[in-house]
Every structure is written in structure tokens, then in C-alpha cells.
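**Student:** need a structure here:
(chains A and B)
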Amino acid sequence: MPADFISSLFVFILAAFLGFEVIKRVSPLLHTPLMSLTNALDAIVVVAAIIIAGRAETRLSTILGLIAVAASFSNMVGGFLITDRMLGMFKTGKAVKKS
Amino acid sequence: MTAFTTQQLIDFTYIAAAIGFILALKWLSSPVSAMRGVLVGEIASGIAVLATLFDPQVTHYKWIIIALVIGAAIGVPLGMVKMTAVPQRTALSHAFGALSAAMIGIAEYYVSAPNVPKFEMAEIGLEVIIGSLTVTGSLIAAGKLQEILPQRPITYKGQNFVSLSILSAAIILMVILVFHPEYTYLFPIMVAVALVFGIMLVTPIGGADMPTVISLLNSYAGFSAALLGFVLNSKVLVVAGALDGASGFILSVIMCKAMNRSFTNVLFGAFGQVQAAAAGAAEDRTVRSASAEEAAAILAAANKVVVVPGYGMAVAQAQHKVRELYDSLTKKGIDVKFAIHPVAGRMPGHMNVLLAEADIPYDKLVDMEDINGEFPQTDVALIIGANDVTNPAARTDTSSPIYGMPILDVDKARTVMVIKRSMAVGFAGIDNPLYYMDKTLMLFGDAKGFVGNIVRELTGSGGH
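**Tutor:** Residues are numbered from 1 along each chain as shown, chains lettered A, B, ... in the order given. The predicted model follows:
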């Protein structure tokens, strides 16, 4: 078993545990923005896509990498945009009257 | 001490990004700090992407920039959709996320094939299988939500056996590839089989189960990204994927609990049989109906009103009329709250977003657990486009298919009003005894039109 695997597993377990603890506290009010935000954060896959496409090792890997760049970057842009819009709609009684 | 290498500097931005992601989720715990959370997430992602562009491994920029522009061009309209379309948008974004992860996994495979070490082959295989099935599964879910595909569950005999066989086939192919990497032709077959399995997984699932399925696909998309992190030894992917996977998993569990169903029950869809069992219960019972004028008079005389919105409200686009109703009742000094069932709508939290969009203050949107104790002191419970989540049979009738499902205790309010197009049954196909209670008034009509009429009556009769 490669050493990389163990260190990745270590990070995975800690991150998943932290994720459970943090996400448990998210108000059900915000479950839709939660999903769109985690989607946008997950789009960090784009950094791996950029490397694969940028290395240009084979024609196939470059093309697949470029598709991945477009797909994940669309999630990053769209995910943050819609989360921002949704959260902007959540107002308290006072704020609603002012606007 | 020597200066940091470019690679190390990039790694530092990834560590910063991971911290940003966790803070973003932490600040989402309250609507007050949530905006700050998104901003931190945006900055964290932004610097990570920028830093990656300076990675010495990246030698060709032109096409990457073009791909980023295309991504942004797809992302912006997907970020601007109407709130009613958010569930299908979300399903589509799960598909994109999984597509990206699957593409990279496939690219990694072909760069080193057929000389792929056993362990790496297992990682890539698992990653590509989960990624691929999430792509097609999410596309089917998005199609159902967009109503391009039929929303009802499509089932046939022996379905679970066929689906499981297909999944097993994909896994067997992966295992063969681990031990015989020279059979490279098996790899595309494995991908194809996983894609087919994704279709088989979601096709049998009906509209009312969509909140669970979307959460589950969310979780799969996250875990496929985390697995990709294992393949590429990229810790930032492992962290982001673990967070996304954990989030989807928690939401799936909440949704399952809210429907009193197990994971396996949702996945291997048993709801088809439920409908057949419930059909026999229908008998001629009388219901009391009322006009908008009568409903308005009862509402005007109330001190406390709880509105129960359901997916029907979203379908009728009635949320802005509901806001007008909220305004006119609040003006009369009546306490108005909204009772939100966890599975109301087509994805977790969907109702909250729709009502917030209609400018209803979020402190009036109350979870099931918190509102249920208030129904005995409620004068009027007004149900708009919700059905199964208010069915008291879930509490009392052990023979009911939804027995045990947590519901909103609207039947404990002094008066219950139900705005409904007709006496047709809900998604679960079950009759609702609530409608035959003496305290229940049925308001037959289109939700938007009927609420509009009530508002007209309320404002017309004027502030006295």
C-alpha cells in the first residue's frame, strides 16, 4: 500500500469528521444554499483538471482535461453565484420592511 | 534558508483554500454570517485556481483559458436560474462535478495504461465508476425535475436484481483490470456499464423522493472528487470532496428520517407497491368546502395563523400571493408563521428559498420540530399545496403506508383550511383523513388564484 494513500486517508478522515461536525450545525433553513455552496467548493477539482490539460501528455488526456476544466469551472462560477443570490434573499422582518 | 519553490507556494494556497472551505461551511450555520462564508469560499477557490495557473507543469495556456471561458459561460446562466428551478440546476451541477472527476480519472488511466500499478488501478477504477454513475444518475434526476422525463417511478419486475447485477459487473471489470492491466479494452466497457447503472439507479425513483436522491447524488459527487484526490495525491481535493460528501450524506440521512424510510428503501424503490395497497381505502365521505370570502373572514378573526406550504405552492407559482396574504394578515396584528417540513419541495430547504425569495422574513419560517408544539394554540392552519406531510394517518393508522413518517400536526389547530385543486391523492397515492375532519375546510381552486381572492377579501373589507 503506497504511503501517499495513508496520508490521503488521514486527511480524508479528519476532513470528513470536521465536515460532519460543522455541517450538522447548518440551519435547515439554509439546506439549499448548503448544497449549492458545497457544490461550488467541490469544483476545486478544476485545479486538477488544469494540471492534466496543461501537461498535454497525450491528445486524449488533454481533451478530457479540458472538458473537466469547463465542467468544474461552470460549477464554481454557477455555484457561488446562486448561493450568493439565495442568501441575499434571506432577510429578517426589519430588513424586509426597509427594502 | 532557501526560498520556497513555486510548487510549495502553490501548496500553501491549497492549504489556505482548505481552511477557507471549512470556514465557509462553519459560517453557513446562521443566515447572519452566511454571506461572509460564501465570500471566504469564493476567495479560497479563486486563489487556488490562480495559483494553479502558475504551476510549472502547465505548459499550454490557450486551450485552458478557452475552457475556463466556456465554463464561465455555462456557469453564469446556471447561477441565474429562477428559484423554482434550483432543484434541477442542482442535479445538473452534480452531473458536471462528477463528469469532471470522471474525465480526469479516465485521463489519468490512459496516460499510464497499460502499466497501471494495482493499487492505483483500484483507486482509479472506483473513482471512475462512482463518477460515471453519478453523471447519468444526476442527468436523469435533472430530467425528471425539469419534467422532460416522467416524474412517476418507472419500475418493472426484477428491477433490483438487474440493477445490482449491472453494478456488480462494473466492479468485476474493475477487479479484472487490477490483476490484468493488459486488458485495456475492458476499461471503456467498465465506464459504459457504470453509466448504465446510473440510469437504472434513478429511473425508478419518483418525484416525492427527489430530495433524498439529490442529497445522495451530492454525496456521490463529493466522494468521487475525494477519491480523485487519492488518485492524484491532491490533499485539497480530498478535503473538498470529503466536505461535499459529508454534507450530501448528512442531508440524505435527514431526508430519509423525514420520510421514515431507510436508504435501501429509497434506492431500491418500494413505493410502487405502496400505491396499489392504498387504493382500496377510498370511500364516499363528505368534506366541507368554503369560499374565499368565508376563508378570509375566518382568517381575519384569528390571532395565530400557521401556513403550511408544499410543492404545490411552487408549481402554482403562488409564493408571491402568499407573501401578500402574510402582509395583510400581519397588518391586522395576526401572528403568521410558516411550517416547513424537511421534505417539502424537491430538494432539502427548497421551501425556505422560495419563501425568502418572496420577501418573507426568514425568522417566520419554522422547522417541523419547533412548530409542532404550537399547533394546539393555532387558530388556523392554512395548507397550500402540501398533502402527505400533513396526513394524520402517519401518526395513528398502523396500516397506512406512510405510518411512522413525521408530520406537521395541523389537525391539532382549531381550524384547518386546505387549498387544493381537487380531491386527488398526493405523491404517495394515499387518501388524507385530514380532509374529512369536522374542523377542516376545503378551499378548492388554483393556489395562486385562491390566495389572491382571499387577499382581495381581506384588504377589501378594510381595517376595522
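**Student:** domain assignment for chain B?
**Tutor:** Listed by automatic domain parsing, the domain ranges of chain B are B:1-59, B:79-269, B:281-460.
**Student:** can you list these in CSV and add mean pLDDT and distance to A:Ala49?
**Tutor:** Bear in mind the C-beta positions are built from the backbone N, C-alpha and C, glycine included. Formatted as CSV, the domains of chain B follow (pLDDT from 0 to 100; distance: least, CB to CB, whole Å):
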stretch, mean pLDDT, distance to A:Ala49
domain B:1-59, 91, 9
domain B:79-269, 90, 6
domain B:281-460, 87, 27
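**Student:** most packed of these?
**Tutor:** Highest mean neighbour count among those (mean count of other CB atoms under 10 Å in any protein chain shown): domain B:79-269, with a mean of 22.
**Student:** on that earlier part again, make a markdown table from the domains of chain B and add distance to B:Ala67 to it.
**Tutor:** As requested, the domains of chain B are exported to a markdown table (distance: least, CB to CB, whole Å):
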| stretch | distance to B:Ala67 |
| --- | --- |
| domain B:1-59 | 12 |
| domain B:79-269 | 11 |
| domain B:281-460 | 29 |
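**Student:** possible to save those domains as TSV with distance to chain A?
**Tutor:** What follows is the domains of chain B, written out as TSV (distance: least, CB to the nearest CB, whole Å):
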stretch	distance to chain A
domain B:1-59	3
domain B:79-269	3
domain B:281-460	3
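**Student:** which one of these lies nearest to A:Arg59?
**Tutor:** If you check each of the domains of chain B against A:Arg59 by CB to CB, domain B:79-269 wins as the nearest, at 10.1 Å.
**Student:** got phi/psi on the residue nearest in space to the middle of chain B?
**Tutor:** With distances taken as CA atoms, centre = their mean, B:Met347 lies nearest the centre of chain B, 2.6 Å away. Torsion angles at B:Met347 (phi, psi; degrees, to the nearest 10) stand at phi -160, psi 160.
**Student:** residue contacts, it?
**Tutor:** Applying CB atoms under 8 Å, 6 or more residues apart in numbering or on different chains, we find B:Met347 in contact with A:31-32, A:35, B:86-87, B:90, B:210-211, B:214-215.
**Student:** same deal with B:Pro348?
**Tutor:** B:Pro348 neighbours (CB under 8 Å, 6+ apart): A:28, A:31-32, A:34-35, B:211, B:214-215, B:251, B:254-255, B:342.
**Student:** try it again at 7 Å.
**Tutor:** B:Pro348 is in contact with A:31-32, A:35, B:211, B:215, B:251, B:254-255, B:342, counting by CB atoms under 7 Å, 6 or more residues apart in numbering or on different chains.
**Student:** show only the entries of these found in helices.
**Tutor:** Taking DSSP state H as the definition of helices, the contacts of B:Pro348 contribute A:31-32, A:35, B:211, B:215, B:251, B:254-255.
**Student:** is it true that B:Gly198 touches B:Ile129?
**Tutor:** No. The criterion here is CB atoms under 7 Å, and B:Gly198 misses it with B:Ile129 at 9.7 Å.
**Student:** what sits against the residue nearest to B:Met255 when sequence neighbours are not counted?
**Tutor:** Using CB to CB, 6 or more residues apart in numbering or on different chains and skipping the chain neighbours, the partner closest in space to B:Met255 is B:Thr212 (4.2 Å). Counting by CB under 7 Å, 6+ apart, B:Thr212 makes contact with B:252, B:255-256, B:259, B:266.
**Student:** try it again at 8 Å.
**Tutor:** By CB under 8 Å, 6+ apart, the neighbours of B:Thr212 are B:252, B:255-256, B:259, B:261, B:266, B:343.
**Student:** just the strands in the stretch 251-400 of chain B please.
**Tutor:** B:304-309, B:335-340, B:365-367, B:380-384 (DSSP state E, counting those that start in this stretch).
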